[in-house]
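Asker: sequence? don't have it. structure:
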Ligand SMILES: Cc1cc2nc3c(=O)[nH]c(=O)nc-3n(C[C@H](O)[C@H](O)[C@H](O)COP(=O)(O)OP(=O)(O)OC[C@H]3O[C@@H](n4cnc5c(N)ncnc54)[C@H](O)[C@@H]3O)c2cc1C
Ligand code: SF4
Ligand code: SF4
């Protein structure tokens, strides 16, 4: 065996703490090591070339790289040795940066000793390494996109245009998401619906897109390449094939309830379409409010009014089963409940409203026809106070993060309010204005310079009612005065939080989230649209608060990731997977019980005794090693991390030799065990 | 007047030791000042007290009326989004002054002459005297 060891300085990151020269000297004396050297930056091009040259010159058959975390450059070095003709699994990384020099800055001697032990352990482990080949699994080249907001729509269109089939699942009766609710969009002030609805129609008509609205994902099984997904579609009680969207039914329906699309500021009937340009343009009966129940039909007004006889009170929920190879999560955001801000009268005063409500009041197709009227009495508010960071950047309320888009939409709100009510006054309370984006700062400057809009730097302490006014107690920290404003309406820029149900969905997909419930990306800078759960991609505000340009960019990025995954007919997976030794397996089934991915099934042998044995589905196995820990016979092992390898590593660190110790046989216990005995 | 800033965190350390509050947690939103019932009477707003401490202008703080006007009502503490207990910090500054100057902020004798509810008297004794 011929092992080469390469020790990286990482500039001063490692060399500043660890005595590299002494390390090289000691490492060269280790068993099986035929070559040891050091290099300034091994990850650089010359560094990698050096490894390749040494492999050839010294006929190395295994390599140890002592450098940073394998998460950082494990793949880089594996590729480098592969190019030099070695199997990419015949390498071991000793992490002497994150796990040594960085954490023992002031302990040079001990750090050098630890680095040596880590390298020694890596040498011992790699000596037992076997060449491995990628595992090929079938790939279903279809994608599921969950959430039909602007991000979901964009990702769907991009993938569909790339020639692959898309299943787009949207919870509400229409696609469009929050963007459909907006009036005009910053910083260009183009009409939101005008730019969005053509995209919605395009998505619905696209031959490669299967659209399921009023539907949710109920179950997902499997892993990247082949997911089995069950979609549940709620009954609309209206046949989408027959409905022409004429609206004759809604005319006659006697029930009026608040319209969610208008944030409850306007009404709709029990049979409704959320807004005129909704896609699909199909009416829906909201059974919760309809006079009929599943068992009893007392009203038939809409049924009678419907020309094409599209209404069917007996419709039931539908389950659709599909198979896909990848999933894009685009479930967007919700606003934090306004009731959480009691000090601002949230939930108590009707004229303290959230940003989306204000969008609906501004919108010409909104409940007030674009005339800004306050909810309590319908009067046109002449003085409006906008409060930014109302809950965001507020660790005490549990949202320590910046919601990112509120500075911009509040500036837009103040401006659009002045357009709608030219003699009105707008006051904006802010802590900082964050307007980093193309033309964003210019836009904010324009708003700040508008007559009748005043920016005050400070946070509001409380809002309370005095007669029919809302009194706002705030401060302008720039001038150092506490202020009081008697307002007619208060608009709160509430935190952007992950949409309801995202948590459960993430759990179902085993995709990790951050402490606020936003989906986590695998790397914040280099891989921002992929979940660490392979095969799951993120688009839009589901990952963090985002405006439309960012949501759309991320959606296109996620689409391109899916397209590159689909560019192969098969999926090549890392072979770090569990392998069963049939000689040792006694078929107890412990491994199958503990496997979190359901990758192990117990099968019957073909021999006379029909004993059982464990079989691993390589596509499902994630190489986590739970089975390996559970097996009492050491019959199941994860390739690349086998027990002999791990033991060799531990013995190397402890300077110990394995000794067999007889352990008395207990009932159902093991016959013998290996124990570690440290020589004194 | 231009204030010359220089390194001098001895005083800050003492105030921190007395109050236990981290003044650098404050991001100067001003919510404390916006709700302070005594704000109108103060020469420095509560957030300014903290700001001056943050930039190292402690002398300004030691000479202000604000810390003595502070009613210890804890409104600021209740509202502060960053969890700064500003009322305690005010108390810290007061205690620092009382301990170093070793003289009472007001004379209890004078106060007894005025018809005050006993609780106010005791409160004042605790807050303003060594
Ligand atoms: C008041 C306000 C004003 C704004 N103004 C602007 C502006 O002027 N310019 C700008 O660029 N941005 C603006 N934004 C931001 C903009 O709304 C977002 O950037 C954008 O909507 C994000 O799109 P999305 O698709 O990620 O999420 P969403 O729009 O939230 O869409 C998510 C979709 O997923 C669906 N969904 C959720 N859960 C599920 C589930 N479990 N199963 C199936 N479907 C599900 C939802 O029903 C929804 O249709 C504003 C935001 C607010 C709050
Ligand atoms: S409320 Fe808290 S964070 Fe805001 S200025 Fe006052 S002390 Fe600082
Ligand atoms: S505790 Fe003092 S500073 Fe804080 S609000 Fe009350 S009076 Fe003002």
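Answerer: Right, received. Where do you want to start? Remember, it's a predicted structure, so these values are computed and weren't measured experimentally. Ligands and ions are numbered 1, 2, ... in the order given.
Asker: ok, what's across the strand from the most centrally placed residue in chain A?
Answerer: Centroid-nearest residue in chain A, with Cα atoms, centre = their mean: residue A:519, separated by 2.7 Å. On the basis of DSSP bridges, residue A:519 is bridged to residue A:513.
Asker: My understanding was that it contacts residue A:507; is that so?
Answerer: No - using Cβ atoms under 8 Å, residue A:519 is not in contact with residue A:507, being 11.4 Å away. The way it works is simple: take the backbone N, C-alpha and C, and place the C-beta from them, glycine included.
Asker: Show the end-to-end separation of stretch A:218-237, please.
Answerer: Terminal residues of stretch A:218-237 are spaced 20 Å apart (Cα to Cα, to the nearest Å).
Asker: how many other residues sit next to residue A:289?
Answerer: 16 (other Cβ atoms under 10 Å in any protein chain shown).
Asker: And the one 3 residues further on, by the same measure?
Answerer: The tally of other residues near residue A:292 (other Cβ under 10 Å) stands at 17.
Asker: ok so, going back, list the contacts for the residue nearest to the centre of chain A?
Answerer: Applying Cβ atoms under 8 Å, 6 or more residues apart in numbering or on different chains, one finds that residue A:519 lies in contact with A:329, A:498, A:502, A:506, A:511, A:512, A:513, A:531, A:538, A:542, A:543.
Asker: let's see it at 7 Å
Answerer: Contact analysis of residue A:519 by Cβ atoms under 7 Å, 6 or more residues apart in numbering or on different chains lists A:329, A:506, A:511, A:513, A:531, A:538, A:542, A:543.
Asker: so the fifth one makes contact with residue A:539?
Answerer: No - here residue A:531 does not reach residue A:539: they are 11.1 Å apart, not a contact under Cβ atoms under 7 Å.
Asker: from what I can see residue A:18 touches residue A:115, true?
Answerer: Yes - taking contacts as Cβ under 7 Å, residue A:18 lies within contact range of residue A:115: 4.8 Å.
Asker: show me the residues around residue A:7 that make contact.
Answerer: With Cβ under 7 Å, 6+ apart, residue A:7 has these contacts: A:20, A:23, A:24, A:38, A:66.
Asker: Turn those into a markdown table, including secondary structure, distance to ligand 1 and neighbour count.
Answerer: Converted to a markdown table, those look like this (DSSP: H, G, I helix; E, B strand; the rest coil; distance: Cβ to the nearest ligand atom, whole Å; neighbours: other Cβ atoms under 10 Å in any protein chain shown):
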| residue | secondary structure | distance to ligand 1 | neighbour count |
| --- | --- | --- | --- |
| A:20 | helix | 49 | 20 |
| A:23 | helix | 50 | 23 |
| A:24 | helix | 52 | 17 |
| A:38 | strand | 48 | 18 |
| A:66 | strand | 43 | 30 |
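Asker: Can you tell me which residues in chain A are near chain B?
Answerer: Chain A comes close to chain B at residues A:343, A:393-397, A:431, A:458-462, A:473-475, A:477, A:480, A:482, as judged by Cβ under 7 Å from any Cβ of the partner chain.
Asker: Try it again at 8 Å.
Answerer: A:343, A:389, A:393-397, A:431, A:457-462, A:473-477, A:480-483 (Cβ under 8 Å from any Cβ of the partner chain).
Asker: Among those, name the buried ones.
Answerer: A:343, A:389, A:393-394, A:431, A:457-462, A:473-477, A:480, A:482-483 (16 or more other Cβ atoms under 10 Å in any protein chain shown).
Asker: For burial, what's the neighbour tally of the nearest residue to residue B:32 once chain neighbours are set aside?
Answerer: Spatially, and ignoring its direct neighbours in sequence, residue B:32 is nearest to residue B:76 (3.5 Å; Cβ to Cβ, 6 or more residues apart in numbering or on different chains). The number of residues packed near residue B:76 is 26, by other Cβ under 10 Å.
Asker: low pLDDT regions in the chain?
Answerer: Let's take chain A. Chain A contains residues with pLDDT under 70 at A:658-680.
Asker: right idea, wrong chain: chain B
Answerer: Ranges of chain B meeting pLDDT under 70: B:8-9.
Asker: Quick check: buried residues in stretch B:7-27?
Answerer: B:11, B:12, B:14, B:15, B:16, B:18, B:19, B:21, B:23, B:26.
Asker: That one near chain A at all?
Answerer: Yes - under the criterion of Cβ under 8 Å from any Cβ, stretch B:7-27 makes contact with chain A via residue B:27.
Asker: now that stretch: how far from the chain's centre is it?
Answerer: Offset of stretch B:7-27 from its chain centre (Cα atoms, centre = their mean, to the nearest Å): 12 Å.
Asker: Other residues contacting it?
Answerer: With Cβ under 8 Å, 6+ apart, stretch B:7-27 has contacts from A:393, A:431, B:47, B:50-51, B:53-54, B:56, B:58, B:62, B:80, B:82-86, B:88-89, B:91-93, B:95-96.
Asker: Give me the neighbour count for residue A:157.
Answerer: 21.
Asker: ah, wrong one, I meant residue A:206
Answerer: Neighbours around residue A:206, by other Cβ under 10 Å: 16.
Asker: Tell me how many other residues surround the closest residue to it other than its chain neighbours.
Answerer: In this structure, residue A:206 finds its nearest non-sequential neighbour in residue A:160, 4.9 Å apart by Cβ to Cβ, 6+ apart. Burial of residue A:160, expressed as a neighbour count using other Cβ under 10 Å, amounts to 22.
Asker: from memory residue A:160 sits against residue A:210, does it?
Answerer: No - if you go by Cβ under 8 Å, residue A:160 and residue A:210 don't touch, sitting 9.7 Å apart.
Asker: overlap in contacts of these two?
Answerer: residue A:166.
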